[in-house]
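K.L.:
model the following, please.
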Amino acid sequence: MPPHSSLLNIYADNSQPVLHQHGQEIQLFGTIRNIPIALASSVRLEGCEQINQVLADSIILYSLYKKHHWLMRGNTFYQLHLLLDKHANEQLTLIDMLGERVQTLGGVAIADPRHVAEVTRIERPPNGVEEIPVMLSRLLEAHELILREVREGIAQAVANRDDGTNDLLVSNVLRTHELQVWFIAEHLVDTPLVRS
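P.N.:
Predicted coordinates:
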């Protein structure tokens, strides 16, 4: 066998992916690592717990938006179909920001859908299709629950002088939710298009 073919075999063997790997968790959920961001570990742990709750509920809200986006019907189908998809994408952006903030604080961001389902405070909807006003009301209830959590998180962040978390919650999460609530709530005003 020529010498270069044995080298090819070595390279081929070394370039194969190592599949079916197993190991231990290197950080448990609910714990924090020491990250030098000039915040006490107790403050960072408290922030992670608060943000993870908002994150879990935001993941569920995102899923509700996508579900209702797909199941929308009736005269306002097109407008609501587009609006709900826009809101879902905005929630997806917030989800990423929230997860990254937990990691910045040294925690472990909640992510697995099965874990999220155990933690969320948002009521589970039926598996089928509901009437449009019910779907929109369900979204508003989820927003309000998250807004309560966010306001608690803001107060906690201010008390703990956790300015990064405070800025995220006020500038991004709170304002996005309030705007989305306005857009959804206006669709539940019973005003005729034309008066005779």
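K.L.:
what about the protein, any weak spots by pLDDT?
P.N.:
Along the chain, segments meeting pLDDT under 70 span 1-13, 193-196.
K.L.:
tell me the helices in it, going along the chain?
P.N.:
All helices of the chain, identified by DSSP state H, fall at 3-14, 41-71, 77-104, 113-119, 132-160, 163-167, 175-185.
K.L.:
mind putting those helices into TSV with distance to residue 35?
P.N.:
C-betas here are computed from N, CA, C, even on glycine. Below are those laid out as TSV (distance: least, C-beta to C-beta, whole Å):
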stretch	distance to residue 35
helix 3-14	35
helix 41-71	7
helix 77-104	7
helix 113-119	22
helix 132-160	15
helix 163-167	11
helix 175-185	26
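K.L.:
winner for burial among the ones you listed?
P.N.:
Compared across the helices of the chain, helix 41-71 shows the largest average neighbour count, a mean of 21 (mean count of other C-beta atoms under 10 Å).
K.L.:
follow-up on the earlier one: for residue 32, which of the helices of the chain is the nearest?
P.N.:
For the helices of the chain, proximity to residue 32 was assessed by C-beta to C-beta; helix 41-71 is nearest, at 5.1 Å.
K.L.:
tell me which other helices or strands the closest one touches.
P.N.:
helix 77-104, helix 113-119, helix 132-160, helix 163-167 (3 or more C-beta pairs under 8 Å, 6 or more residues apart in numbering; DSSP states H and E).
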